[in-house]
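Colleague: Here is a sequence together with a model predicted from it:
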Amino acid sequence: MKKPIELPFRRPTIFHTPRDTALLGILTLDPNSYDWLYSNFIDIYFNKITGIDNYYPKTIWEYCPFLYVFYLPYEYILTSYNNFSDFIETAISTGYYVCPLINRKFIKEYSVHDESDHNPFITGFNPLQRTITTYDFFEEGTYSKENISYSSVNEAFLELPRTKEFNEDYSGLQGRVFLIKYNNNANYQFNKKEVLTKLKSFLTSENLIIKNIYSVDIEKECSEDYVFGLECYNYLKNGWLLRRQLGLIYSKALFWKKRYIYFREKNYLKSNEKTVENIDCLINISREFLFLYMKYEIQGKKFSFERYEKMRKEIIDLERSIAEEFISDLY
């Protein structure tokens with residue numbers, strides 16, 4: 001019988017989408033990746049129509065030198081393996097993390113049990129207990145580790161609602177499974193010019209899809225629907241997506257803190273007490289904004305967005321100042 005295997009993964013301290021969070025859970029284990037990690041997750045973009053928010057690009061792990069990324073069609077797995085758990089065992093045994101779409105209805109560990117898909121991150125398996133080690137937002141807004149039974153995973157894979165309407169959050173995942181392997185031989189060196197370009201794009205809210213930088217085909221077809229950088233904060237939607245958007249803003253504030261500390265340690269950035277003060281202030285305000293919305297949500301009250309207009313403007317001003325300070329202080 002096969003022995004249990006669990007690939008290296010650390011629950012990160014910064015969360016956003018399952019894909020971004022999984023990437024952070026791998027990269028934060030290896031300090032050699034930090035030059036790349038903190039040179040990214042700078043720009044963001046929102047879909048003005050749907051309200052979906054992401055770091056740009058949302059397929060960033062495809063451009064990460066520390067990862068090998070492959071895709072396999074669902075049909076290949078269905079026809080080549082007896083069940084999905086057999087495929088998972090094979091993939092994990094050869095060093096590949098697995099990121100599929102599955103139907104949450106059949107996974108009891110999820111707090112949501114409707115007929116909907118989600119993209120968990122699979123890091124291991126235990127053939128003795130017949131469980132799959134999985135990370136995802138099982139409880140809404142809380143990223144955690146769960147050991148899911150083979151039978152549940154197999155059913156959730158087979159019963160994926162493939163015919164449902166296209167979901168832009170899962171572009172690239174529908175119809176295929178991601179396989180990710182860590183590249184221990186990768187190397188990346190800090191590039192001031194690249195970081196400056198990203199900081200300036202964030203400040204000017206330049207539409208990078210129109211410029212054809214890292215964009216995917218489905219986004220190119222509706223490039224005018226997207227806004228970038230600071231302009232995103234003018235498109236916060238007062239509805240169920242607002243919690244996710246505020247979560248992105250808070251995660252971005254935490255990224256500024258980690259980026260500043262790391263760049264200072266590596267002597268990529270001059271010391272600036274004003275930047276430290278602005279980052280701490282941004283973290284506090286964005287966290288307060290998110291928690292206030294969550295309080296309204298728990299109480300079942302409608303969020304008074306106008307009441308917190310001042311908070312939104314403060315966030316814009318702080319982020320602008322921080323980005324400008326990084327531009328002027330990079331060595």
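Modeller: That came in fine, so what should we check first?
Colleague: could you show me where the strands are in the stretch 201-331 of the chain, in order?
Modeller: Assigned by DSSP state E, counting those that start in this stretch, the strands in the stretch 201-331 of the chain fall at 226-228.
Colleague: what's stretch 292-309 in contact with?
Modeller: 141, 236, 238, 242-243, 246, 289 (CB atoms under 8 Å, 6 or more residues apart in numbering). Where C-beta positions appear, they are placed from N, C-alpha and C, glycine not excepted.
Colleague: quick one: which of these has the most company?
Modeller: The most crowded member of those, judged by other CB atoms under 10 Å, is Leu246 (23 neighbours).
Colleague: Any figure for the gap between the nearest residue to that residue once chain neighbours are set aside and Arg176?
Modeller: Excluding the flanking residues, the one nearest Leu246 by CB to CB, 6 or more residues apart in numbering is Leu290, at 4.2 Å. Distance, Leu290 to Arg176, by CB to CB, to the nearest Å: 33 Å.
Colleague: who has more neighbours, these two?
Modeller: More crowded of Leu290 and Arg176, by other CB under 10 Å: Leu290, with 21 against 17.
Colleague: What mean pLDDT does the longest helix along the chain get?
Modeller: Counting by DSSP state H, the longest helix found in the chain is helix 273-299. Over the span of helix 273-299, the pLDDT mean works out to 93.
Colleague: what do you get for stretch 63-77?
Modeller: Mean predicted confidence for stretch 63-77 is 92.
Colleague: go on, stretch 90-102?
Modeller: Taken as a whole, stretch 90-102 has a mean pLDDT of 95.
Colleague: do the same with stretch 251-260
Modeller: Stretch 251-260 carries an average pLDDT of 97.
Colleague: Please export the C-alpha coordinates of that stretch as CSV.
Modeller: Output in CSV follows, covering the C-alpha atoms of stretch 251-260 (Å, rounded to 0.1, in the frame of the first residue of the first chain):
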residue,chain,number,x,y,z
SER,A,251,-4.5,42.0,1.8
LYS,A,252,-2.8,44.6,-0.3
ALA,A,253,-2.1,46.7,2.7
LEU,A,254,-0.4,43.7,4.4
PHE,A,255,1.6,43.2,1.2
TRP,A,256,2.9,46.7,1.4
LYS,A,257,4.1,46.0,5.0
LYS,A,258,5.9,42.8,4.0
ARG,A,259,7.3,44.4,0.8
TYR,A,260,8.7,47.3,2.8
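Colleague: Can you tell me what sits against that stretch?
Modeller: Applying CB under 8 Å, 6+ apart, the external contacts of stretch 251-260 come out as 13-16, 38, 41-42, 44, 269, 275-276, 279-280, 282-283, 286-287, 319, 322, 326.
Colleague: Tell me the buried residues within the residues you listed.
Modeller: Among the contacts of stretch 251-260, the ones that count as buried by 16 or more other CB atoms under 10 Å are 14-16, 38, 41-42, 44, 269, 275-276, 279, 282-283, 286, 319, 322, 326.
Colleague: Would you map the strands across the stretch 1-150 of the chain?
Modeller: Under DSSP E, counting those that start in this stretch, the stretch 1-150 of the chain gives strands at 5-6, 44-47, 53-55, 67-73, 97-99, 102-103, 117-118, 121-126, 131-139, 142-149.
Colleague: Could you list every helix and strand that the fourth one packs against?
Modeller: Using 3 or more CB pairs under 8 Å, 6 or more residues apart in numbering; DSSP states H and E, the elements in contact with strand 67-73 are strand 176-182.
Colleague: Next, the angle strand 67-73 makes with the strand it packs on.
Modeller: 160 degrees (axes from the mean of the first three to the mean of the last three CA atoms, to 10 degrees).
Colleague: Direction included, what does strand 176-182 pair up with?
Modeller: Sheet partners assigned to strand 176-182 using DSSP bridges are listed as strand 67-73 (antiparallel), strand 97-99 (antiparallel).
Colleague: Using TSV, lay out these together with distance to Tyr150 and mean neighbour count.
Modeller: Shown next, in TSV, are these (distance: least, CB to CB, whole Å; neighbours: other CB atoms under 10 Å):
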stretch	distance to Tyr150	mean neighbour count
strand 67-73	19	15
strand 97-99	14	23
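Colleague: Quick one: closest of these to Lys192.
Modeller: strand 67-73 (23.6 Å; CB to CB).
Colleague: and that closest one, C-alpha only, in PDB?
Modeller: This file holds the C-alpha atoms of strand 67-73, laid out as PDB (Å, rounded to 0.1, in the frame of the first residue of the first chain):
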ATOM      1  CA  LEU A  67       6.600  26.900 -10.500                       C
ATOM      2  CA  TYR A  68       6.100  24.400 -13.300                       C
ATOM      3  CA  VAL A  69       2.500  24.700 -14.300                       C
ATOM      4  CA  PHE A  70       0.700  22.100 -16.500                       C
ATOM      5  CA  TYR A  71      -2.900  21.500 -17.400                       C
ATOM      6  CA  LEU A  72      -4.800  18.300 -18.100                       C
ATOM      7  CA  PRO A  73      -8.300  18.000 -19.600                       C
END
